[in-house]
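Asker: Sequence and computational prediction follow.
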Amino acid sequence: MLHSPSSRELSVAGQVRLDEKLSKFEDLSWVKAENAALQSSDLLDYLLADQSKADREVIIGFREGCALARIPLSIIEKEMVDHVLAKLQGAQDYKGIVKGWFDLLVVRLCKFLCLRNDIGVVKGRYAYLQRTNDRSVLPQEFELQLGLLDFLRGSLDGVHIEVPHVSSGRTDIYIGFEGFRFVIEVKRSTTVRWSTFSIRPHLRQAAAYSSSDVRLGVLATLDLSVRDPGDPHVTSCLGVVRRHASKNDERAVVFMRVAGNRLSPSTFSK
């Protein structure tokens, strides 16, 4: 894969299926290479022929029957994604096609987090982010759950809500692929002061959903603490925790902290 300060290129399986077209070419050894570059401009032109102009602008190559698509990232977003992917190195099951899809999920989570951090104090579908002075009526976790669900469905297939009978439980967000799945656990933290200790039980739950599939999961938490100094920087809101279910059973959980109960910057100068 190629990298630049402003973009990351990922294998987007399912976006462009090329099995029939690729079968017409005898030498496809480059398709299976981990960091292979496209070796034939004629082949690229042939594969792009049926794509729309918009798709042709973001597709930079093909590998393993899928398109390599460019996803623009800001400097901070790239820093966040690179940090998380580095922390995932060596995790059990983080390899091959599972790694490619999980990398894409990390990018989408980063995008969601940064977009929600930028949204102003508004009502409607984003009301769960604004300051709530009455702590008896704090936003519920389902508001974050539905927002994240809609966002992920815009870029991934197989995204479902409240799927039962998964590791003896019911998932908040289920992302299914051919041969494996990812589960996102969604919670809220209602403590007045944010603490990673308060979400430890949630991390254990997120890790438990991987007991019968790949050992990778996600915990998305709506932070409803009171932060008069201001909101946390987004780089501190996306990370990785490793948990050991047993000596030889390690689970990796990506955690995302979405800052709710927010004030606009202008309120700090009043």
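Answerer: Structure received. Numbers count the residues shown, from 1 in each chain.
Asker: Point out where the stretch 101-250 of the chain drops to low pLDDT.
Answerer: 121-122 (pLDDT under 70).
Asker: what about the helices in it?
Answerer: Ranges of helices in the stretch 101-250 of the chain, per DSSP state H, counting those that start in this stretch, are 141-153, 200-208.
Asker: what's the closest residue in space to Val183 that isn't next to it in sequence in contact with, if anything?
Answerer: Of all residues not flanking Val183 in the chain, Tyr209 sits nearest, at 4.0 Å (C-beta to C-beta, 6 or more residues apart in numbering). Backbone N, C-alpha and C define where each C-beta goes, glycine included. By C-beta atoms under 8 Å, 6 or more residues apart in numbering, the residues touching Tyr209 are 166-167, 169, 171, 183, 185, 217.
Asker: now, which of the residues you listed lie within strands?
Answerer: If you go by DSSP state E, those have 183, 185, 217 in strands.
Asker: which of the residues you listed lies closest to Gly100?
Answerer: Gly217 (17.0 Å; C-beta to C-beta).
Asker: who wins for proximity to Ala91 among the helices of the stretch 101-250 of the chain?
Answerer: When the helices of the stretch 101-250 of the chain are ranked by distance to Ala91, counting by C-beta to C-beta, first place goes to helix 200-208 at 11.6 Å.
Asker: helices or strands up against the closest one?
Answerer: Judged by 3 or more C-beta pairs under 8 Å, 6 or more residues apart in numbering; DSSP states H and E, helix 200-208 is in contact with strand 181-189, strand 216-223, strand 238-246, strand 249-259.
Asker: Those strands into CSV, with extra columns for mean neighbour count and distance to Arg135?
Answerer: Conversion of the helices and strands packed on helix 200-208 to CSV gives the following (neighbours: other C-beta atoms under 10 Å; distance: least, C-beta to C-beta, whole Å):
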stretch, mean neighbour count, distance to Arg135
strand 181-189, 23, 12
strand 216-223, 25, 14
strand 238-246, 15, 26
strand 249-259, 22, 16
